[in-house]
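K.L.:
Predicted model, plus sequence, below.
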Amino acid sequence: MKIAIVGLGFVGLSLTSVLSAKGLQVVGIDIDKDKCKKISHGIAPFFEKDLEKTLRNGLKKQLEINDDISLIDDCDYIFVTVGTPQKSDGSIELSIIKRVVSAIGQNLKKNHKNPIIFIKSTVIPGTMQNTILPILENKSGKKAGKDFGLISNPEFLQESSAIKDTKFPHVVVLGGYETKYMKKAKKFFSKLHPKVPIIITNHHTAEMIKYANNSFLATKISFINQLSNICQNIPGANIDDIAKTIGLDPRIGKLFLNAGPGYGGSCLPKDMKALINFAEKIGIRPTFLNEVEKTNENQCINIISLIERKIGNVNKKRITVLGTSFKPETDDVRDSISIKLIKKLVKKGAIITIHDPKAIENTRKIFLKKIEYKKSIIDSLAKSQCAIIMTQWKEYSKITNSTIKKMDRKIIIDSRRVLVEKDIDADYQAIGIGNNK
Ligand code: UDX
């Protein structure tokens, strides 16, 4: 059995590495030649825990990396894991996935293997039926369900635990028709993940499951963030104690109740906007989802108000932002709230210095010389009038009075409450903790 994985981003490269490390024959394909070169030397193009180790294991076995999509022609399974980026109106850009499935369709003409094509890319309901299936059938002159299989297979992995999530998913969703290909796919996944529930449904439902999942996670975050804003105005109230307690109710669950500056990253904001756009297109007013988004947008604005309340007009003031990655244990700054905050502060004339354990280079690509970059936390705080902790890196919970001693004014805004237990000699405001004054 041979497996092709087309698109070597977070999802594709994690899957490529995990399957090949298990000893399966895998070809990982990406259009970017430089990226392929790096990966084939065992170097991951982004930081992700355990990724390089797993990739190198695969490379020692039967893994091949290539930029040539025609290598799919002797494959039994073809996973499509290319991006579906956001357009300015919130809808998703399908040009990349269309190009890839066209190439797969062309290739199917001469493929005698009757492969199964799994679409892992996030697409709005109807895309499989109305766009992907017709392209494949037209280009190949073959029939889905008869000559090849087509299955929606959404992915739920999280960055920073991508390898673990790929090895041990909580669910496998297979969307499509109940054909011999579906049976084969079910067998493949139940062997790969013996104890994991496999949900078999139609394409539209599988597509919608992914949006339901991510919009619910976004809702939990906006919910706790709104409560945290209320708590901040109740003397002594503590959002973490509240989250911990309500999380013990099994109907609520403890995860995704960590209040902060709002959700960022490459998925939640994009998927929320795509779902809102889709709902509007089909005549549904997504009032609830809009509020979830608005609450998220407001978190960043609330932090700016807090800074201005502490130090007045930020123009020409030196401000330190600690953490630019959208969450800890990643160097990814895509749709990071910290990046948004820095952009707003720079626009207001603030002099920004940043620190991040992993994401400095990706941050530099955005701001170039407009801000300053420091490798140590102490240096980043020198002469600063205000520090804002944006990402929950464990380094920041080790900050002490001596780390902040070079600050001009010792004002700290802690959006993740990493210093809440510490006796820091500073004007300290944690998001979600009510002031006793
Ligand atoms: C998300 C989904 O979790 C995953 O299932 C999907 O496949 C891709 O999108 P990811 O983008 O890696 O994964 O990040 P996630 O861990 O979900 O965090 C998203 C954002 O929400 C981050 O900015 C994070 O800081 C924030 N967040 C998360 C909170 O503010 N509080 C929480 O309790 C959880």
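P.N.:
Looks like it arrived, so ask away. Numbers count the residues shown, from 1 in each chain.

K.L.:
What residue spans form the domains of this structure?
P.N.:
The chain breaks down into these domains under automatic domain parsing: 2-201, 230-430.

K.L.:
Could you give the average pLDDT over stretch 231-247?
P.N.:
For stretch 231-247, the mean per-residue pLDDT is 97.

K.L.:
Now the terminal residues of that stretch, how far apart.
P.N.:
Using C-alpha to C-alpha, to the nearest Å, the end-to-end distance of stretch 231-247 comes to 17 Å.

K.L.:
can you tell me if that stretch touches the ligand.
P.N.:
No: counting by C-beta under 6 Å from any ligand atom, the ligand is not contacted by stretch 231-247; separation bottoms out at 8.2 Å. In this view, the C-beta of every residue, glycine as well, is placed from N, C-alpha and C.

K.L.:
And that stretch, what's buried?
P.N.:
Residues of stretch 231-247 classed as buried: 231-232, 237-240, 242-243, 246-247 (neighbour count, 16 or more other C-beta atoms under 10 Å).

K.L.:
Okay, strands next: where are they in the stretch 51-200 of the chain?
P.N.:
Under the criterion DSSP state E, counting those that start in this stretch, the stretch 51-200 of the chain contains strands at 63-66, 77-80, 116-119, 149-152, 172-175, 198-201.

K.L.:
just for this structure, where's the confidence low?
P.N.:
Scanning the chain for pLDDT under 70 picks out 436-437.

K.L.:
roughly how far out does the longest helix belonging to it sit from the chain middle?
P.N.:
If you go by DSSP state H, the chain has its longest helix at helix 203-231. Centroid displacement of helix 203-231 relative to its chain, using C-alpha atoms, centre = their mean, to the nearest Å, is 14 Å.

K.L.:
Can you name the next helix or strand after it?
P.N.:
Counting by DSSP states H and E, the next helix or strand C-terminal to helix 203-231 is helix 239-247.

K.L.:
helices or strands up against that next one?
P.N.:
Using 3 or more C-beta pairs under 8 Å, 6 or more residues apart in numbering; DSSP states H and E, the elements in contact with helix 239-247 are helix 203-231.

K.L.:
just to revisit the earlier point, for the strands of the stretch 51-200 of the chain, which one sits closest to the ligand?
P.N.:
strand 172-175 (11.7 Å; C-beta to the nearest ligand atom).

K.L.:
could you dump that closest one to PDB, C-alpha only?
P.N.:
C-alpha atoms of strand 172-175 as PDB (Å, rounded to 0.1, in the frame of the first residue of the first chain):
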ATOM      1  CA  VAL A 172     -12.200  10.100  12.800                       C
ATOM      2  CA  VAL A 173     -14.800  11.600  10.600                       C
ATOM      3  CA  LEU A 174     -15.500  10.000   7.200                       C
ATOM      4  CA  GLY A 175     -17.900  11.900   4.900                       C
END
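
K.L.:
Residues contacting it, please?
P.N.:
128, 151-154, 182, 185-186, 189, 193, 196-207, 209-210 (C-beta atoms under 8 Å, 6 or more residues apart in numbering).

K.L.:
Closest residue of the stretch 301-437 of the chain to the ligand?
P.N.:
Counting by C-beta to the nearest ligand atom, the stretch 301-437 of the chain gets nearest the ligand through K327, at 4.1 Å.

K.L.:
Tell me who's in contact with that residue.
P.N.:
159-160, 264-265, 391-392.

K.L.:
most surrounded residue in those residues?
P.N.:
Using other C-beta atoms under 10 Å as the neighbour test, the contacts of K327 are led by T391, with 31 neighbours.

K.L.:
Run a quick neighbour tally on the closest residue to that residue other than its chain neighbours.
P.N.:
By the measure of C-beta to C-beta, 6 or more residues apart in numbering, the closest residue to T391 outside its immediate chain neighbours is G323, 2.6 Å from it. For G323, the neighbour count with other C-beta under 10 Å is 28.

K.L.:
now do D249
P.N.:
The tally of other residues near D249 (other C-beta under 10 Å) stands at 9.

K.L.:
Okay, it and I242: tell me how far apart.
P.N.:
12 Å (C-beta to C-beta, to the nearest Å).

K.L.:
And for E159?
P.N.:
27 Å.

K.L.:
Ok, H204 next?
P.N.:
H204 is 38 Å from I242, by C-beta to C-beta.

K.L.:
Give me every residue in this structure lying close to the ligand.
P.N.:
Residues of the chain lying near the ligand (C-beta under 6 Å from any ligand atom): 155-159, 214, 217, 221, 256-258, 260, 263-268, 326-327.

K.L.:
Just say helix, strand or coil for G283.
P.N.:
Under DSSP: H, G, I helix; E, B strand; the rest coil, the three-state class of G283 is coil.

K.L.:
Do I have it right that G28 meets G9?
P.N.:
No: counting by C-beta atoms under 8 Å, G28 stays clear of G9, with 11.0 Å between them.

K.L.:
contacts for stretch 198-205?
P.N.:
The set of residues external to stretch 198-205 that reach it, using C-beta under 8 Å, 6+ apart, is 125-126, 128-129, 152, 171-178, 182, 186, 189-190, 209.

K.L.:
switch the cut-off to 6 Å
P.N.:
125, 128-129, 152, 172-176, 186, 189 (C-beta atoms under 6 Å, 6 or more residues apart in numbering).

K.L.:
From the structure, what's the count of residues near M407?
P.N.:
The burial count for M407: 20, using other C-beta under 10 Å.

K.L.:
nope, I92 is what I was after
P.N.:
21.

K.L.:
List the contacts of it.
P.N.:
So I92 contacts 84, 274 (C-beta under 6 Å, 6+ apart).

K.L.:
K254 too?
P.N.:
G247.

K.L.:
try it again with 8 Å
P.N.:
243-244, 247-248.

K.L.:
Which is the succeeding secondary structure element to the helix or strand harbouring K343?
P.N.:
Assigned by DSSP H and E, K343 belongs to helix 337-347. Moving toward the C-terminus from helix 337-347, the next helix or strand (DSSP H and E) is strand 351-355.

K.L.:
What is that next one packed up against?
P.N.:
strand 318-322, helix 337-347, helix 360-367, strand 372-373, helix 377-381.

K.L.:
Columns distance to C36 and mean neighbour count on top of the strands of the stretch 51-200 of the chain, output as CSV?
P.N.:
Listed next are the strands of the stretch 51-200 of the chain as CSV, based on distance: least, C-beta to C-beta, whole Å; neighbours: other C-beta atoms under 10 Å:
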stretch, distance to C36, mean neighbour count
strand 63-66, 5, 20
strand 77-80, 16, 26
strand 116-119, 21, 27
strand 149-152, 26, 26
strand 172-175, 28, 23
strand 198-201, 32, 14
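
K.L.:
returning to that earlier point: would you quantify the distance from the residue nearest to T391 to I239?
P.N.:
G323 is 19 Å from I239, by C-beta to C-beta.

K.L.:
quick one: which of the buried residues of stretch 231-247 is nearest to L136?
P.N.:
Set against L136, the nearest of the buried residues of stretch 231-247 by C-beta to C-beta is G247 (44.0 Å).
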